[in-house]
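Trainee: With the input below, show me the fold.
(chains A and B)
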Amino acid sequence: EAGVAQSPRYKIIEKRQSVAFWCNPISGHATLYWYQQILGQGPKLLIQFQNNGVVDDSQLPKDRFSAERLKGVDSTLKIQPAKLEDSAVYLCASSPDRFNEQYFGPGTRLTVT
Amino acid sequence: GQNIDQPTEMTATEGAIVQINCTYQTSGFNGLFWYQQHAGEAPTFLSYNVLDGLEEKGRFSSFLSRSKGYSYLLLKELQMKDSASYLCARLSTGYQKVTFGIGTKLQVIP
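Mentor: Prediction:
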């Protein structure tokens, strides 16, 4: 079975620019997660979707970050405008349901200069 | 937060046994995951404990004590490829939110 797909793999932008990341979860997985992982730290949950509804976005900086999961399948995460501290790896994960193990995509490494 | 604590770094010898501990907040607790993350790669699932006791899976075992808010990951017959970060992640009740610890970076030396 195909894994979680993410693109792009790498992105370099200047501060105040905008950027978007795309994620295609494993087919049939109802739950989709976006994490931010700063070097040397564990993944920090930004937003969790159950089908196309938001379950948790309490740690999403909503003044600059937005995410959507149209039709309950793939998802996009956007940052506008980016700040230097947004430099991190953005991981997308999916699971059959909220109680199950998560399958992670390869991540997008964002560098903000 | 969910107060997940685990050591930041550990070193162990090839062929030996190592135990990585994790403590967490017990209120609203629903389960405990362990993930392995090699440098520059995404985390991969190792184990999930919801009941007290030891779950064995090959060279890896995971233990949970719900009353003590304590878990450990036991790695036996260490191999060089086991050098990685090991992430403890707590599943909460309600919205079933998963919160990750900072991760324990394990270095296996010859």
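Trainee: By mean pLDDT, which helix or strand of chain B comes out lowest?
Mentor: The helix or strand with the lowest mean pLDDT-type score in chain B, counting by mean pLDDT, DSSP states H and E, is strand B:98-100 (a mean of 91).
Trainee: Give me the next element, helix or strand, following that strand.
Mentor: The C-terminal neighbour of strand B:98-100 among helices and strands, as given by DSSP states H and E, is strand B:104-109.
Trainee: ok, residues contacting that following strand?
Mentor: Identification of contacts with strand B:104-109 by CB atoms under 8 Å, 6 or more residues apart in numbering or on different chains yields B:6-14, B:18, B:20, B:75, B:78-80, B:82-88. C-beta: built from backbone N, CA, C; applies to glycine.
Trainee: could you pull out the strands for the chain?
Mentor: Since you didn't name a chain, this refers to chain A. With DSSP state E, the ranges of strands along chain A come out as A:5-7, A:10-13, A:19-24, A:31-37, A:44-50, A:53-56, A:65-68, A:75-79, A:88-95, A:103-104, A:108-112.
Trainee: wrong one, chain B
Mentor: According to DSSP E, chain B carries its strands in the segments B:9-13, B:18-23, B:29-37, B:44-49, B:53-57, B:60-65, B:70-75, B:84-92, B:98-100, B:104-109.
Trainee: With distance to residue A:14 and mean neighbour count added, can I get those in CSV?
Mentor: Shown next, in CSV, are these (distance: least, CB to CB, whole Å; neighbours: other CB atoms under 10 Å in any protein chain shown):
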stretch, distance to residue A:14, mean neighbour count
strand B:9-13, 34, 13
strand B:18-23, 39, 18
strand B:29-37, 29, 21
strand B:44-49, 34, 18
strand B:53-57, 46, 11
strand B:60-65, 43, 19
strand B:70-75, 41, 20
strand B:84-92, 30, 23
strand B:98-100, 30, 23
strand B:104-109, 32, 17
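Trainee: looking at those strands, which one has the lowest mean pLDDT?
Mentor: Per-stretch mean pLDDT for the strands of chain B is lowest at strand B:98-100 (a mean of 91).
Trainee: and it, what other elements does it pack with?
Mentor: Packed against strand B:98-100, as judged by 3 or more CB pairs under 8 Å, 6 or more residues apart in numbering or on different chains; DSSP states H and E, are the following elements: strand A:44-50, strand B:84-92.
Trainee: out of these, which comes closest to residue B:67?
Mentor: Comparison of the helices and strands packed on strand B:98-100 against residue B:67 by CB to CB identifies strand B:84-92 as nearest, at 15.2 Å.
Trainee: Spell out which residues of chain B are next to chain A.
Mentor: Taking CB under 8 Å from any CB of the partner chain as the contact definition, chain B meets chain A at B:31, B:33, B:41-45, B:48, B:87, B:89, B:91, B:95-103.
Trainee: Swap in 6 Å and give it another go.
Mentor: Within chain B, the residues that sit near chain A (CB under 6 Å from any CB of the partner chain) are B:42-43, B:45, B:87, B:95-97, B:100-103.
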